[in-house]
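In: structure for the following, please:
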Amino acid sequence: MEVSATLQCDEQKPFCSNCEKYGSSCEFPRLRNAAAPEVALSPTALNTPSSTQGSVGAMANKDGIEGQELIADIAHMRLLHHFTTVTAKTLAYEPEVADIFISYIPKIAFENPFVLHAILSLTALHLSRSEPAQRADYLLRARRHHQIALTQFRSEVKDISESNLHAVLIFNAFLFPYTCAMSASSTDLDDAFESIFSNLLVTRMVGPLIQASGKYDSMRQSELGRIMPKDVHSVIWDKAKAPDETELVQLRKFADVIHHIYHPEINEAYREAIRLLELLFDATGRLSKPPSDSLLRIWIHFVPSRFVELLSEKQPGALIIFAHYGVILGKGRQYWFLDGIDELILAIADAFVPTEWKYWLDWPKEQIRSCRTPISQSTST
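Out: Residues are numbered from 1 along each chain as shown. Reported below is the predicted structural model:
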């Protein structure tokens, strides 16, 4: 087996457990019959008679496991260092809460491995933007760490308790930027849609768990509660009436037109999704600065389950509404992970909406194209 630049293979078959665990590519030819790599690379070994190499080799074999783990950990240490020095600051809406991302969240991650993998995954995505020469490798690492995180999250979090509340909230908060950034890197619209939709479902499942736990209010008073932006509380989302005036004039017309086409329960799902979108447009329009990503993703939590089902089926009405949601995500381009997501959602809708329905995509097309700028490769907000 070959020794990776960042991770040594442990020679297990059919799959190397280190490579599988840490998301590295296992290329498998030849270490078993080779001299110990520590000897081959050692300055001492270069000047030592072959008769003494056996003792050095024995020492290398004795420490082999520790050496492999150390080399494997270097890749993770680099990701974690980048998170605490760079990526964490890009996630904080207010500069004064950056310390929560830099120190408190990693502390929670060390106690909850699925949060640690979520951190490493998102950081790998961030580095894929700033180091294009290694983009493919970072994307692979991001996918591997995300899959591990998601698997552990689903197996470990059956309900919310005092012991896991903060870990669950952090994981959920990281899922949105991961979904947007990873989906925007896809060149296949079917895959991009599936990525967005599957993670949308996970995002939605956390809210009811937290409400059932009765822990939400206590969380808001905690250290983690400091990172919750004030703009999220600008509207009582489940009770507020839609504003009289809205940018979404065409979408209101669309709701009136389909009223005679669909079954009442479908019309109701579409109308509620549109009402929430109108509230979101109105709330962001009243802000004196760009919206937080927490505000932008709130629509995902409140849209009706029936709307989510229709979106999963790629129903034209649901896709048209979703394209309008893409417009609001474009208002958050100060976040590196939202660069390009509006264009991607529009492309998905345009690809799957039948020709006779495409007229209803004209407004989001105009809005998104008027704001189009090259996707930033910056490592900060």
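In: list the contacts for residue 337?
Out: Residue 337 is in contact with 122, 125, 126, 177, 178, 180, 181, 293, counting by C-beta atoms under 8 Å, 6 or more residues apart in numbering. The way it works is simple: take the backbone N, C-alpha and C, and place the C-beta from them, glycine included.
In: and those, which are buried?
Out: Among the contacts of residue 337, those scoring as buried are 122, 125, 126, 177, 178, 180, 181, 293 (criterion: 16 or more other C-beta atoms under 10 Å).
In: grab the nearest non-local neighbour of the fourth one.
Out: Residue nearest to residue 177 in three dimensions, not counting chain neighbours: residue 337, with 3.9 Å by C-beta to C-beta, 6 or more residues apart in numbering.
In: ok, residue 298 - how many residues close by?
Out: 21 (other C-beta atoms under 10 Å).
In: now residue 209: closest residue in space, sequence neighbours ignored.
Out: Closest to residue 209 by C-beta to C-beta, 6+ apart is residue 160, at 4.7 Å.
In: does that neighbour touch residue 207 like I think?
Out: No: with contact defined as C-beta atoms under 8 Å, residue 160 and residue 207 do not form a contacting pair (10.5 Å).
In: what about the longest helix in the chain?
Out: helix 189-213 (DSSP state H).
In: from the contact counts, what lies against it?
Out: If contacts are counted by 3 or more C-beta pairs under 8 Å, 6 or more residues apart in numbering; DSSP states H and E, helix 189-213 sits against helix 165-184, helix 298-302, helix 305-312, helix 341-352.
In: give me the more crowded residue out of residue 160 and residue 207.
Out: Set side by side, residue 160 and residue 207 show more neighbours around residue 160, with 22 against 15, by other C-beta under 10 Å.
In: did I read that right, that one in a helix?
Out: No: counting by DSSP: H, G, I helix; E, B strand; the rest coil, residue 160 is not part of a helix but coil.
In: minimum distance to residue 324: which of the helices and strands packed on helix 189-213 has it?
Out: helix 341-352 (9.1 Å; C-beta to C-beta).
In: give me the angle between that closest one and helix 165-184.
Out: 60 degrees (axes from the mean of the first three to the mean of the last three C-alpha atoms, to 10 degrees).
In: so what touches the helix or strand where residue 368 lies?
Out: Assessed by DSSP states H and E, residue 368 sits inside helix 362-370. Defining contact as C-beta under 8 Å, 6+ apart, one finds that helix 362-370 is touched by 248, 250-251, 323-324, 326-327, 330, 342-343, 346, 349-350.
In: go again using 6 Å as the cut-off
Out: With contact meaning C-beta atoms under 6 Å, 6 or more residues apart in numbering, helix 362-370 is reached by 250, 323, 324, 327, 330, 342, 346.
In: what's the distance between the residue nearest to residue 209 and residue 289?
Out: Residue 160 sits 32 Å away from residue 289, going by C-beta to C-beta, to the nearest Å.
In: do residue 118 as well
Out: 27 Å.
In: try residue 115
Out: 29 Å.
In: give me the more crowded residue out of these two.
Out: residue 115 (26 against 8).
In: now the more buried one: which helix or strand?
Out: Residue-wise, residue 115 maps onto helix 113-130 under DSSP H and E.
In: who are the packing partners of that helix?
Out: With contacts taken as 3 or more C-beta pairs under 6 Å, 6 or more residues apart in numbering; DSSP states H and E, helix 113-130 sits against helix 64-82, helix 105-111, helix 135-156, helix 165-184.
In: which of the ones you listed sits most buried?
Out: helix 165-184 (a mean of 23; mean count of other C-beta atoms under 10 Å).
In: so how far is that one from its chain's centroid?
Out: Its chain's C-alpha centre and that of helix 165-184 lie 4 Å apart, by C-alpha atoms, centre = their mean, to the nearest Å.
In: may I have that helix as PDB, with CA atoms only?
Out: This file holds the C-alpha atoms of helix 165-184, laid out as PDB (Å, rounded to 0.1, in the frame of the first residue of the first chain):
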ATOM      1  CA  LEU A 165     -29.000  20.300  22.900                       C
ATOM      2  CA  HIS A 166     -26.100  22.500  22.000                       C
ATOM      3  CA  ALA A 167     -24.400  19.900  19.800                       C
ATOM      4  CA  VAL A 168     -27.700  19.400  17.900                       C
ATOM      5  CA  LEU A 169     -28.200  23.100  17.300                       C
ATOM      6  CA  ILE A 170     -24.600  23.600  16.200                       C
ATOM      7  CA  PHE A 171     -24.800  20.600  13.800                       C
ATOM      8  CA  ASN A 172     -28.100  22.000  12.400                       C
ATOM      9  CA  ALA A 173     -26.600  25.500  12.000                       C
ATOM     10  CA  PHE A 174     -23.600  24.100  10.000                       C
ATOM     11  CA  LEU A 175     -25.900  22.000   7.800                       C
ATOM     12  CA  PHE A 176     -27.200  25.000   5.900                       C
ATOM     13  CA  PRO A 177     -23.900  26.500   4.800                       C
ATOM     14  CA  TYR A 178     -22.600  23.000   4.000                       C
ATOM     15  CA  THR A 179     -25.700  22.300   1.800                       C
ATOM     16  CA  CYS A 180     -25.400  25.600  -0.100                       C
ATOM     17  CA  ALA A 181     -21.700  25.500  -0.700                       C
ATOM     18  CA  MET A 182     -21.500  21.800  -1.700                       C
ATOM     19  CA  SER A 183     -24.600  22.000  -3.900                       C
ATOM     20  CA  ALA A 184     -23.200  25.100  -5.700                       C
END
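In: many thanks, we can stop here.
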